[in-house]
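Asker: Dropping a prediction and its sequence here:
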Amino acid sequence: MRRFAAAALLVAATGCGRGTKPHDYIAIALATAPANLDPGVGVDESSQKLQQLLYSSLLKVDGALRVVPDLATRFDTIDWQTFTAEIPRGVKFHDGHEMTSADVVFTFRRFLDPAFASARKGAYRELQSIDAVDRYTIAFKLKAPSAAFPINLVMGIVPDGAKPSLARQPVGSGPYRLTDFVPDDHVSLAPFADYYQGAPANSGLVFKVVPDETMRGLELRKGDIDLVVNDLSPDMIHTLAKEARLRVVTGPGTDYAYLGFNLRDPQLQDVRVRQAIGFALDRRAIVSYLRRGLAQPATLVVPPMSWAYEPDTLQFEHNLARARALLDEAGVRDPDGDGPRPRLSLTLKTSTDERYRVQAAVIQQQLAAVGIAIDVRSSEFATLMSDVVRGNVQLYTLQFVGVTDPDMLRRVFHSTQTPPNGFNRGYYANADVDRMIDAATAALDEGERRRYYMAAQRLISQDAPVIGLWTKTNVAVSQPGLQNITLSPIADFAFLKNVARAK
């Protein structure tokens with residue numbers, strides 16, 4: 001606690017100008033500590049959130065989940081195989097030197113270096129070359145056309161020749177610079193006066209690592225923490241919202257929770273059984289009671305605010321009569337009418353996290369209403385994932401976090417994307433779906449891409465390889481005096497540069 005207080009005072013002091021109060025720094029709680037502040041290496045959520053404040057990125061994701069220019073003043077392609085980006089003159093890194101095309105080339109060329117270790121490298125397999133056209137222009141060449149590739153350019157630019165020390169001593173060009181990093185305790189950021197879009201509205205940020213949710217809530221109550229974003233459970237938010245001195249801000253999110261099927265299991269190969277399970281689930285009850293209304297019933301993995309979202313898909317509204325009729329059609333009949341014997345017995349695997357164990361128990365109860373007996377088995381997340389990837393499951397619940405690009409349909413549903421190549425963990429295969437996704441990737445026009453993605457979603461929803469449970473609502477809980485708290489669909493931290501205390 002002493003180290004945190006000292007860091008906070010340091011940030012306030014370094015950010016203070018005439019008429020600025022020392023308490024203008026903003027204290028934010030993190031559930032987990034950042035692991036690596038190099039944007040090419042650190043992929044954990046906390047690291048990525050801080051990278052958004054320390055670095056500038058060529059491109060960004062907008063409110064409709066389109067990839068649009070950010071730092072880049074121009075971003076063009078003719079054939080989806082060669083992309084040209086131009087950066088503005090005069091962008092400064094935190095050490096004072098100007099950003100040029102050499103820095104951008106170095107940032108992305110690292111991923112082509114066999115000696116460079118990064119979990120991100122797989123996303124750049126289709127990248128053939130990155131070259132500087134001139135001092136401020138960069139050309140990216142792919143091995144084959146890909147309209148989905150630009151999402152991989154939403155990443156911070158590091159200085160040419162940056163070393164592994166970037167992990168703890170970042171040198172970026174973002175709105176804040178690092179002043180203090182104490183692992184597992186706190187990270188302090190001060191405003192960067194030469195930020196190319198103008199200095200932040202506050203005197204700095206202190207990110208305090210508070211792993212325990214109860215402590216995060218208590219520190220909000222006491223006023224020791226100013227802000228928590230998406231690091232509180234629905235129950236905790238419900239409790240804190242009753243306190244008039246705290247403010248709750250919400251916005252639609254992209255995190256996607258689903259019930260998955262192992263389609264290689266004989267009992268789940270009949271689409272009517274999978275659809276019956278979908279109609280037996282009362283997802284609105286799950287959203288209302290387990291999520292405290294902080295979600296909405298989901299369809300497929302493409303979020304509703306996405307430019308490529310298809311609303312006209314099979315909607316699994318709660319309908320027990322239809323579920324029973326589908327089971328009858330599939331030959332899964334009730335053996336004893338109103339008696340205790342089930343039509344079907346299945347195992348559902350989930351994590352040991354209390355929220356997901358309770359959700360699994362609710363699913364168990366709901367499916368029992370149509371004669372499907374569920375044996376719930378919970379395990380640590382690593383074990384759960386291992387079972388899912390190896391196909392050692394029948395039913396399972398998981399969540400995709402931060403879904404942005406509709407090409408996620410490829411990773412989850414294309415027949416070539418089974419483990420370890422992708423996220424098609426149920427081994428779903430539909431040749432028509434593959435063709436639609438491939439056509440969307442190759443299309444040069446966004447309208448054409450959208451039509452193919454929407455067609456794929458209609459087909460997938462009928463096949464029901466997964467049942468969407470809910471799409472998360474982003475939530476920020478703050479002290480009442482904070483202004484300009486806005487939550488994007490991906491809940492990035494870029495908005496923090498505009499947050500200030502009311503005068």
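Answerer: Happy to help now that I have it.
Asker: helix or strand right after the longest strand belonging to the chain?
Answerer: The single longest strand within the chain, with elements called by DSSP state E, is strand 247-261. Sequence-wise, the next helix or strand downstream of strand 247-261 (DSSP states H and E) is helix 271-280.
Asker: Quick test: name the residue nearest the centre of this structure.
Answerer: When C-alpha atoms, centre = their mean is applied to the chain, the residue found nearest the centroid is residue 402 (1.4 Å).
Asker: Verify the stated contact: it with residue 488.
Answerer: No - using C-beta atoms under 8 Å, residue 402 and residue 488 do not qualify as a contacting pair, with a distance of 10.8 Å. From N, CA and C alone the C-beta is placed, and that goes for glycine too.
Asker: Any idea how many residues pack against the closest residue to residue 270 other than its chain neighbours?
Answerer: Once flanking residues are discounted, residue 270 sits nearest to residue 330: 4.7 Å by C-beta to C-beta, 6 or more residues apart in numbering. Counted with other C-beta atoms under 10 Å, the burial measure for residue 330 works out to 19 neighbours.
Asker: buried set for the longest strand of the chain?
Answerer: By neighbour count, and taking 16 or more other C-beta atoms under 10 Å as the criterion, the buried residues in strand 247-261 are 247-248, 251-261.
Asker: just checking, what packs against that strand?
Answerer: In this structure, strand 247-261 makes packing contacts with strand 395-400, strand 466-478, judged by 3 or more C-beta pairs under 8 Å, 6 or more residues apart in numbering; DSSP states H and E.
Asker: Can you add distance to residue 300, mean neighbour count and mean pLDDT and give those strands back as JSON lines?
Answerer: Below are those laid out as JSON lines (distance: least, C-beta to C-beta, whole Å; neighbours: other C-beta atoms under 10 Å; pLDDT from 0 to 100):
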{"stretch": "strand 395-400", "distance to residue 300": "11", "mean neighbour count": "20", "mean pLDDT": "94"}
{"stretch": "strand 466-478", "distance to residue 300": "6", "mean neighbour count": "23", "mean pLDDT": "97"}
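Asker: Determine which of the ones you listed approaches residue 425 most closely.
Answerer: Evaluated with C-beta to C-beta, the helices and strands packed on strand 247-261 place strand 395-400 nearest to residue 425, the distance being 7.9 Å.
Asker: State the next helix or strand along the chain beyond that closest one.
Answerer: Past strand 395-400, further along toward the C-terminus, the next helix or strand under DSSP H and E is helix 408-413.
Asker: outside of that following helix, which residues touch it?
Answerer: 148, 300-302, 400, 417, 422-424, 428, 430, 433, 437, 440-441, 453, 456-457, 460, 465-466 (C-beta atoms under 8 Å, 6 or more residues apart in numbering).
Asker: and that helix, C-alpha only, in CSV?
Answerer: Below are the C-alpha coordinates for helix 408-413, written out as CSV (Å, rounded to 0.1, in the frame of the first residue of the first chain):
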residue,chain,number,x,y,z
MET,A,408,-13.9,-15.4,-36.4
LEU,A,409,-16.5,-17.5,-38.2
ARG,A,410,-13.6,-19.1,-40.0
ARG,A,411,-11.7,-19.9,-36.8
VAL,A,412,-14.7,-21.4,-35.1
PHE,A,413,-16.7,-23.1,-37.9
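Asker: hmm, back to that, quick one: the helices and strands packed on strand 247-261 as a markdown table, columns for distance to residue 204 too.
Answerer: Written out in a markdown table, the entries for the helices and strands packed on strand 247-261 read as follows (distance: least, C-beta to C-beta, whole Å):
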| stretch | distance to residue 204 |
| --- | --- |
| strand 395-400 | 33 |
| strand 466-478 | 17 |
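Asker: Nearest to residue 339, out of these?
Answerer: Of all these, it is strand 395-400 that lies closest to residue 339, at 23.8 Å by C-beta to C-beta.
Asker: Parallel or antiparallel, list what pairs with that closest one.
Answerer: Partner strands for strand 395-400, per DSSP bridges, with pairing direction: strand 247-261 (antiparallel), strand 344-351 (parallel).
Asker: Give me the angle between the last one and helix 271-280.
Answerer: To tie it back to what came earlier, the one meant is strand 344-351. 60 degrees (axes from the mean of the first three to the mean of the last three C-alpha atoms, to 10 degrees).
Asker: ok, the residue nearest to residue 270 - contacts?
Answerer: Shown here is residue 330, whose contacts under the criterion C-beta under 8 Å, 6+ apart are 270, 272-273, 276.
Asker: and what of residue 248?
Answerer: With contact set as C-beta under 8 Å, 6+ apart, residue 248 has these partners: 237, 240-241, 475-477.
Asker: per-residue confidence for it?
Answerer: pLDDT, the model's per-residue confidence, is 96 for residue 248.
Asker: cool, residue 12 as well?
Answerer: 37.
Asker: packing partners for the host helix or strand of residue 108?
Answerer: In this structure, residue 108 sits in helix 101-109 according to DSSP H and E. Packing contacts for helix 101-109, counted by 3+ C-beta pairs under 8 Å, 6+ apart, involve strand 127-134, strand 137-142.
Asker: Distance to residue 104 and mean neighbour count added to those strands, as a markdown table?
Answerer: Written out in a markdown table, the entries for the helices and strands packed on helix 101-109 read as follows (distance: least, C-beta to C-beta, whole Å; neighbours: other C-beta atoms under 10 Å):
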| stretch | distance to residue 104 | mean neighbour count |
| --- | --- | --- |
| strand 127-134 | 8 | 15 |
| strand 137-142 | 5 | 19 |
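Asker: Out of those, which is closest to residue 62?
Answerer: The closest of the helices and strands packed on helix 101-109 to residue 62 is strand 137-142. By C-beta to C-beta, the value is 20.4 Å.
Asker: Relative to the whole chain's centre, how far out is the closest one?
Answerer: 27 Å (C-alpha atoms, centre = their mean, to the nearest Å).
Asker: just stretch 255-271 next, same as before
Answerer: Counting by C-alpha atoms, centre = their mean, stretch 255-271 comes out at 22 Å from the chain centroid.
Asker: If you average the pLDDT over that stretch, what comes out?
Answerer: On average, stretch 255-271 scores 97.
Asker: related to what we said a few turns ago, out of the contacts of residue 248, flag the one nearest to residue 292.
Answerer: Distance from residue 292 was checked for each of those by C-beta to C-beta. The minimum falls on residue 237, at 6.7 Å.
Asker: Test my guess that the closest one contacts residue 295.
Answerer: No - contact status for residue 237 versus residue 295: not in contact, 11.7 Å apart, counting by C-beta under 8 Å.
Asker: Looking at the contacts of residue 248, which is nearest residue 87?
Answerer: Taking the contacts of residue 248 together and measuring to residue 87 by C-beta to C-beta, the closest member is residue 476, at 31.4 Å.
Asker: what's the angle between the longest helix seen in the chain and strand 466-478?
Answerer: Taking DSSP state H as the criterion, the chain has its longest helix at helix 446-463. For helix 446-463 against strand 466-478, the angle by the same axes, to 10 degrees is 120 degrees.
Asker: just how off-centre is helix 446-463 within its chain?
Answerer: 22 Å.
Asker: In terms of secondary structure, what does it contact?
Answerer: Using 3+ C-beta pairs under 8 Å, 6+ apart as the contact criterion, the elements in contact with helix 446-463 are helix 271-280, helix 408-413, helix 431-442.
Asker: mean confidence score for it?
Answerer: If you average the per-residue pLDDT over helix 446-463, you get 96.
Asker: Next, the buried residues of it.
Answerer: Of the residues in helix 446-463, 449-457, 459-461, 463 count as buried by neighbour count, 16+ other C-beta under 10 Å.
Asker: same check, this time on stretch 179-194
Answerer: Going by 16+ other C-beta under 10 Å, stretch 179-194 has these buried residues: 179-181, 186-192.
Asker: Spatially, which two of those residues are the most separated?
Answerer: The distance between the two most remote of the buried residues of stretch 179-194 (C-beta to C-beta) is 19.0 Å, for 186 and 192.
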